[in-house]
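1. output the structure for:
(4 chains)
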Protein chains: 2
Amino acid sequence: MDTDQRLREAAEKLALTLAQGGMQKTTARVMTALLYTRQESMTAADLCAELSISSGAVSTAVKQLIPLGLIERVPAPGSRRDHYRFRQGAWASLMSQQNAMLATMGDAAQEGLDAAGEDGITGRRLHEMKDFYAYMTEQLIPLIDSWRERYAAQHTDAPR
Amino acid sequence: MDTDQRLREAAEKLALTLAQGGMQKTTARVMTALLYTRQESMTAADLCAELSISSGAVSTAVKQLIPLGLIERVPAPGSRRDHYRFRQGAWASLMSQQNAMLATMGDAAQEGLDAAGEDGITGRRLHEMKDFYAYMTEQLIPLIDSWRERYAAQHTDAPR
DNA sequence: CAGAGAATTCACAAATCTCTGAAAGTTCTA
DNA sequence: TAGAACTTTCAGAGATTTGTGAATTCTCTG
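-> Below is the predicted model:
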């Protein structure tokens, strides 16, 4: 099987996994197309052709992926079309995003504690929740930062 | 507003958030009902009444939550009904589950690298992905373990 | 600044998902 | 082991989500 075909299948496979994890199916397909493509970037038209979807669907997907920090619009000299590419540091952004969820969980625990009080079975349950998410938030943020530094250091002399 | 009402609302609110994050809506509602309830555990009938859903829906939700380690079936002496309760250590289980996703992402990166090779734009993109997930997997596992220890230590003399 | 080339929006159609209600299965007890 | 008390399974109805295609808006360029 040729390289393009293998990459295309890998892209679809990962998209399916991401979809099961909660991401919109088309959004996931656009993301993985940009991740596994052999081109530097792709136009909306490229994505329509590659994935057999309408331009409307591409537009929607792109609108979701950009705020997540996963892809970016790239100025394309000599072309009036928008080009999109997978962002460097995308994974760290994605993980940070998930961190926000940790904070939300902590808040939800606090809200329950405010209502139920610290004592009793409910209090104990919610207290464990609050402690856990406080700990994870605290630990995970520096972890992502340290990777950013580590990665930046490795690539200072070879920017894209 | 009374305590029960506040807890019920907190439960529904968190369920909604979790649903937006990809969890099935009913599954999330069952989970949060068990999390915020003032009882030690709830029967399927309790959940039907509390959430206004059918027993079939409860059965399905429970079937999803148990393998995630979020809830457990509790032997109920004197009652023929199954009782369910939110598990101690549920959050750590959930986080471990998400760790499995990190491994999957690493594998997906490797698969792409096998097809595309290490060089070229695709190789570089996938390499960053592989490195990131390798790092996160490596770091996150001990983090969860350390919390488990920390929490166990705090609660050795006060088991549930 | 007119017009062509693209991207975005939106109403609707299509596909998917999810719950219900009933039937079937399971497990405990008398 | 018969039967009652629950739970699970499943087909189908209903609700929700999501993509299409056309209309609209935006943005460059000549």
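
2. quick one: low-confidence parts of chain A?
-> A:156-160 (pLDDT under 70).

3. burial count for A:Ala152?
-> As a burial measure, A:Ala152 scores 12 neighbours (other CB atoms under 10 Å in any protein chain shown). No exception for glycine: its C-beta is placed from N, CA and C like everyone else's.

4. which residue is nearest the middle of chain A?
-> The residue lying closest to the centre of chain A (CA atoms, centre = their mean) is A:Leu94, at 3.6 Å.

5. wait, is A:Arg73 part of a strand?
-> Yes. Counting by DSSP: H, G, I helix; E, B strand; the rest coil, A:Arg73 is located in a strand.

6. give the contact list for it.
-> A:62, A:66, A:82-84 (CB atoms under 8 Å, 6 or more residues apart in numbering or on different chains).

7. could you say which helix or strand holds the residue nearest to the centre of chain A?
-> helix A:90-116 (DSSP states H and E).

8. now the angle from the following helix or strand past that helix to helix B:90-116?
-> Where DSSP H and E defines the elements, the next helix or strand beyond helix A:90-116 is helix A:120-154. Interaxial angle, helix A:120-154 versus helix B:90-116 (axes from the mean of the first three to the mean of the last three CA atoms, to 10 degrees): 30 degrees.

9. just checking, what packs against helix A:120-154?
-> helix A:90-116, helix B:25-36, helix B:90-116, helix B:120-154 (3 or more CB pairs under 8 Å, 6 or more residues apart in numbering or on different chains; DSSP states H and E).

10. burial of A:Ala92, as a residue count?
-> 20.

11. so it sits against A:Trp147, correct?
-> Yes. Applying CB atoms under 8 Å as the test, A:Ala92 and A:Trp147 come out as touching, 6.3 Å apart.

12. what do these two both touch?
-> Joint contacts of A:Ala92 and A:Trp147 (CB under 8 Å, 6+ apart) are B:Phe132.

13. and the closest residue to A:Gln110 other than its chain neighbours, what is it in contact with?
-> Spatial nearest neighbour of A:Gln110, chain neighbours left out: A:Lys130 (6.1 Å); criterion: CB to CB, 6 or more residues apart in numbering or on different chains. By CB under 8 Å, 6+ apart, the residues touching A:Lys130 are A:106, A:109-110, A:113.

14. could you do A:Ala116 as well?
-> Contacts of A:Ala116 (CB under 8 Å, 6+ apart): A:122-123, A:126, B:3, B:7, B:36, B:38.
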